[in-house]
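Enquirer: Sharing a sequence plus its predicted fold:
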Amino acid sequence: MDKLIIQGGIKLQGEIRISGAKNAALPILAATLLADGVMTISNMPHLHDITTTMELLGRMGCELTVGEKMVIQVDSRVIREFFAPYDLVRTMRASILVLGPLLTRFGRADVSLPGGCAIGSRPVNLHLEGLAAMGANLQVEGGYIRAVANRLKGCDLVMDLVTVTGTENLMMAATMAKGVTVIRNAAREPEVVDLANCLIKMGAKIEGAGTDTIRIEGVDGLTGTEYEILPDRIETGTYLVAAAMTRGHIKLKNTQPALLEAVLAKLHDSGAELTTTESTIEIKMNKERLRAVSIHTSPYPGFPTDMQAQFTALNCIAEGTGTITESVFENRFMHVQELQRMGAQIKIEGNTAITSGVSKLKSAPLMATDLRASASLVLAGLVAEGATEVNRIYHIDRGYETIEEKLSNLGAQIRRVPG
Ligand code: UD1
């Protein structure tokens with residue numbers, strides 16, 4: 001298994017381009033199953049999760065071509081199977097996103113129950129309850145969801161919890177259902193809006209995406225279209241934290257600062273200087289030491305849980321005490337033990353991590369446990385004394401496009417060692 005070796009202590013400097021958003025690309029790839037025509041998707045990030053989804057579509061019989069700069073074309077008219085096998089789904093929980101499209105367009109789907117990051121139990125009950133309310137017949141057998149439906153029927157859905165992929169799955173299912181579906185307490189994440197915009201371009205009738213009430217009027221069919229994925233706000237935030245922690249000065253291009261206001265506010269509180277345009281963010285950290293910040297994760301537009309681990313790493317070397325409360329997922333503090341091995345002072349109380357900043361972290365061999373936890377270990381490595389070794393980096397490759405190349409372009413000493 002590959003590992004990353006990072007020599008700490010270098011201030012990041014320079015410019016990099018942000019990739020397309022993984023969490024928008026995954027549902028949009030699933031949405032290609034709805035199109036009666038070829039879909040052409042650009043700004044697709046080159047990530048392991050994207051390859052997995054493409055393999056999943058390919059195994060179903062879809063024709064896929066990958067052009068220059070990861071422009072992907074999908075033709076789902078030639079689909080043969082409506083099956084998402086365990087060996088693919090277990091590596092990526094977002095595979096559940098094929099369930100809604102398959103069911104609404106073809107009336108059947110066999111999808112393995114998902115695995116994915118080990119951050120809490122992460123059930124899919126709300127996806128299933130919503131589809132059942134729309135008239136699907138769902139059985140769970142041998143680890144598989146076996147679903148059949150005649151044409152789904154629009155209905156009023158009140159979500160018990162705000163769920164991102166749940167909202168996306170049900171929104172896709174509703175595009176071709178008979179009548180009107182209303183999703184209340186819907187997720188407002190920018191990636192939900194990006195998916196809705198893509199579906200609208202395909203001919204869907206959707207209103208209210210980006211608010212907590214989405215109204216979808218079912219249509220008889222959707223067509224192929226061209227669509228460009230929005231920039232990745234979590235990748236953006238991760239590089240901003242890297243710059244702040246190393247007391248560097250970097251500029252990120254092809255991003256959208258408007259998508260990460262909560263994150264920018266916390267970086268500002270920590271003492272970093274930020275300058276934004278519509279599509280760029282420049283960050284400078286001139287002060288001797290960052291200030292610890294307090295964070296409470298919540299659904300968008302609140303502070304994203306996917307940036308929690310990175311800010312935990314930041315707090316480890318900041319001045320003062322910081323509290324980080326994780327309220328979206330249980331068991332999302334797996335990075336804490338690893339950071340403690342580098343000398344970080346962190347105490348966990350329930351779902352809160354309390355940090356007392358130290359002036360230096362020390363390198364250690366580390367183990368990546370999930371996607372964002374792994375990113376936090378790389379960040380800690382960038383400021384630690386000595387050479388830090390991060391093992392099991394396949395987690396990072398699921399969500400960060402060529403992380404070692406991008407960090408090297410910013411001056412970091414980081415290399416991948418094949419294991
Ligand atoms: C998505 C993101 C992930 C992010 C998360 C929260 C993708 C591909 N992944 O994950 O990066 O960390 O949103 O912003 O977009 N829940 C249930 N029952 C359900 C569904 C969810 O109880 O049927 C719970 C989950 O256990 C969790 C909470 O709802 O506690 C939110 O999860 P959800 O928004 O569904 O996360 P994902 O969509 O899996």
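Expert: Done, it's in.

Enquirer: List the residues that contact Arg77.
Expert: Asp36, Gly37 (Cβ atoms under 8 Å, 6 or more residues apart in numbering). The way it works is simple: take the backbone N, C-alpha and C, and place the C-beta from them, glycine included.

Enquirer: quick check, it in a strand?
Expert: No. Applying DSSP: H, G, I helix; E, B strand; the rest coil, one finds Arg77 to be helix, outside a strand.

Enquirer: State the distance from it to Thr238.
Expert: For Arg77, the distance to Thr238 equals 38 Å [Cβ to Cβ, to the nearest Å].

Enquirer: Flag every residue of the protein that's near the ligand.
Expert: Counting by Cβ under 6 Å from any ligand atom, the chain comes close to the ligand at 23, 26, 93-94, 120, 122-127, 161, 163-166, 191, 305-306, 328-329.

Enquirer: Once you drop chain neighbours, what's closest to Glu55?
Expert: Sequence neighbours aside, Leu88 is the residue nearest to Glu55 in space, at 6.2 Å (criterion: Cβ to Cβ, 6 or more residues apart in numbering).

Enquirer: so who does the residue lying closest to Glu338 once chain neighbours are set aside touch?
Expert: Once flanking residues are discounted, Glu338 sits nearest to Leu366: 4.7 Å by Cβ to Cβ, 6+ apart. Going by Cβ under 8 Å, 6+ apart, Leu366 touches Glu338, Arg341, Met342, Leu377, Ala380, Gly381, Thr388, Glu389, Val390, Asn391.

Enquirer: How about Lys178?
Expert: Arg151, Leu152, Lys153, Gly154, Gly218 are the contacts of Lys178 under Cβ under 8 Å, 6+ apart.

Enquirer: Gly218 now?
Expert: Here Gly218 is in contact with Leu152, Gly154, Ala174, Thr175, Met176, Ala177, Lys178, Gly179, Val180, Thr181, Lys205 (Cβ under 8 Å, 6+ apart).

Enquirer: Including distance to Ile414, secondary structure and pLDDT, could those go into CSV?
Expert: Shown next, in CSV, are the contacts of Gly218 (distance: Cβ to Cβ, whole Å; DSSP: H, G, I helix; E, B strand; the rest coil; pLDDT from 0 to 100):
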residue, distance to Ile414, secondary structure, pLDDT
Leu152, 48, coil, 98
Gly154, 50, coil, 98
Ala174, 44, helix, 98
Thr175, 43, helix, 98
Met176, 46, coil, 98
Ala177, 48, coil, 98
Lys178, 53, strand, 98
Gly179, 53, coil, 98
Val180, 51, strand, 98
Thr181, 47, strand, 98
Lys205, 47, strand, 98
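
Enquirer: Return a ChimeraX selection command for the buried portion of the contacts of Lys178.
Expert: The ChimeraX command for the buried members of those (criterion: 16 or more other Cβ atoms under 10 Å) is given here:
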select :152,153,154,218
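
Enquirer: and of the contacts of Lys178, the nearest to the ligand?
Expert: Set against the ligand, the nearest of the contacts of Lys178 by Cβ to the nearest ligand atom is Leu152 (17.8 Å).

Enquirer: That closest one contacts Leu102, doesn't it?
Expert: No. Assessed by Cβ atoms under 8 Å, Leu152 is found out of contact with Leu102, at 11.3 Å.

Enquirer: ok, now which ones touch Phe311?
Expert: Here Phe311 is in contact with Val241, Lys266, Val293, Ile295, Gly322, Ile324 (Cβ under 8 Å, 6+ apart).

Enquirer: Could you identify the helix or strand that succeeds the helix or strand where it lies?
Expert: Per DSSP states H and E, Phe311 falls inside helix 308-316. Next along the chain after helix 308-316, taking DSSP H and E as the criterion, comes strand 321-325.

Enquirer: residues in contact with that following strand?
Expert: 292-297, 308, 311-312, 315, 351-357.

Enquirer: Pull out the buried residues from it.
Expert: Gly322, Thr323, Ile324, Thr325.

Enquirer: ok, now stretch 285-297?
Expert: Going by 16+ other Cβ under 10 Å, stretch 285-297 has these buried residues: Met285, Leu290, Arg291, Ala292, Val293, Ser294, Ile295, Thr297.

Enquirer: now do stretch 360-380
Expert: Going by 16+ other Cβ under 10 Å, stretch 360-380 has these buried residues: 361, 363-364, 366-380.

Enquirer: ok now it, how far from the chain's centre?
Expert: 18 Å (Cα atoms, centre = their mean, to the nearest Å).

Enquirer: for that stretch, how far is the first residue from the last?
Expert: Start-to-end span of stretch 360-380 (Cα to Cα, to the nearest Å) is 10 Å.

Enquirer: So for it, mean pLDDT?
Expert: Mean pLDDT, computed over stretch 360-380, is 92.

Enquirer: same check, this time on stretch 224-236
Expert: 98.

Enquirer: One more: stretch 300-307?
Expert: Mean pLDDT, stretch 300-307: 98.

Enquirer: Quick check: buried residues in that stretch?
Expert: Buried residues in stretch 300-307 (16+ other Cβ under 10 Å): Tyr300, Phe303, Pro304, Thr305, Asp306, Met307.

Enquirer: mind putting those residues in TSV, distance to Ser408 and secondary structure included?
Expert: Below are these laid out as TSV (distance: Cβ to Cβ, whole Å; DSSP: H, G, I helix; E, B strand; the rest coil):
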residue	distance to Ser408	secondary structure
Tyr300	31	coil
Phe303	29	strand
Pro304	26	coil
Thr305	28	helix
Asp306	24	helix
Met307	23	helix
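
Enquirer: What are the boundaries of the helices in this protein?
Expert: For the chain, applying DSSP state H gives helices covering 22-31, 48-60, 86-89, 99-106, 125-133, 164-175, 190-201, 233-245, 261-269, 308-316, 334-341, 371-383, 394-399, 403-409.

Enquirer: Show me what the second one is packed up against.
Expert: Under the contact criterion of 3 or more Cβ pairs under 8 Å, 6 or more residues apart in numbering; DSSP states H and E, the helices and strands touching helix 48-60 comprise helix 22-31, strand 63-66, strand 83-84, helix 86-89, helix 394-399.
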